[in-house]
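Peer 1: pasting the structure only:
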């Protein structure tokens, strides 16, 4: 048996800073260009709120974990792109760009693509 101090977990390399940065102009474009119904009223959402909605859609909105809020309402749990490895994050960026195109969201051209899909 190998002692815990000598064990090494093999896992996918985490996304890089360039990949992380690539999602925010897209999410900001959603926040500026599209309203969404919240509690029955169309509202402007923040880029972070759009990230929650779009991440759930990217994951197929399957088997969501939904909890009642402390003072009413509902909260969806566990959707975190920070847990994506490089490959999954690259898939997320591809999906996010395609979803943006399909929704008619105009995405600003990135300054550089060199680090987005490493």
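Peer 2: Good, I have the coordinates. From a predicted model like this one, the values you see are computed outputs, not experimental measurements.

Peer 1: other SSEs contacting the helix or strand bottoming out on mean pLDDT in the chain?
Peer 2: Here the helix or strand of the chain ranked lowest by mean pLDDT, DSSP states H and E is strand 74-77, holding a mean of 75. In terms of contacts (3 or more CB pairs under 8 Å, 6 or more residues apart in numbering; DSSP states H and E), strand 74-77 is packed against strand 65-68. Where C-beta positions appear, they are placed from N, C-alpha and C, glycine not excepted.

Peer 1: Please identify the pairing partners of the strand it packs on and their relative orientation?
Peer 2: Its sheet considered, strand 65-68 pairs with strand 74-77 (antiparallel) by DSSP bridges.

Peer 1: Mind checking what helix or strand follows the partner strand in sequence?
Peer 2: Downstream of strand 74-77, the first helix or strand assigned by DSSP states H and E is helix 86-103.

Peer 1: list the helices and strands that following helix packs on?
Peer 2: Using 3+ CB pairs under 8 Å, 6+ apart, the elements in contact with helix 86-103 are helix 17-33, helix 47-58.

Peer 1: For those, give me CSV that also has mean pLDDT.
Peer 2: Formatted as CSV, the helices and strands packed on helix 86-103 follow (pLDDT from 0 to 100):
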stretch, mean pLDDT
helix 17-33, 93
helix 47-58, 90
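
Peer 1: could you redo the ones you listed as a markdown table and give each row mean neighbour count?
Peer 2: Below are the helices and strands packed on helix 86-103 laid out as a markdown table (neighbours: other CB atoms under 10 Å):
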| stretch | mean neighbour count |
| --- | --- |
| helix 17-33 | 17 |
| helix 47-58 | 17 |
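
Peer 1: Mind putting the ones you listed into a markdown table with distance to residue 65?
Peer 2: Below are these laid out as a markdown table (distance: least, CB to CB, whole Å):
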| stretch | distance to residue 65 |
| --- | --- |
| helix 17-33 | 22 |
| helix 47-58 | 11 |
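
Peer 1: Tell me which of these lies nearest to residue 95.
Peer 2: Set against residue 95 and scored by CB to CB, the helices and strands packed on helix 86-103 come closest in helix 47-58, at 5.0 Å.
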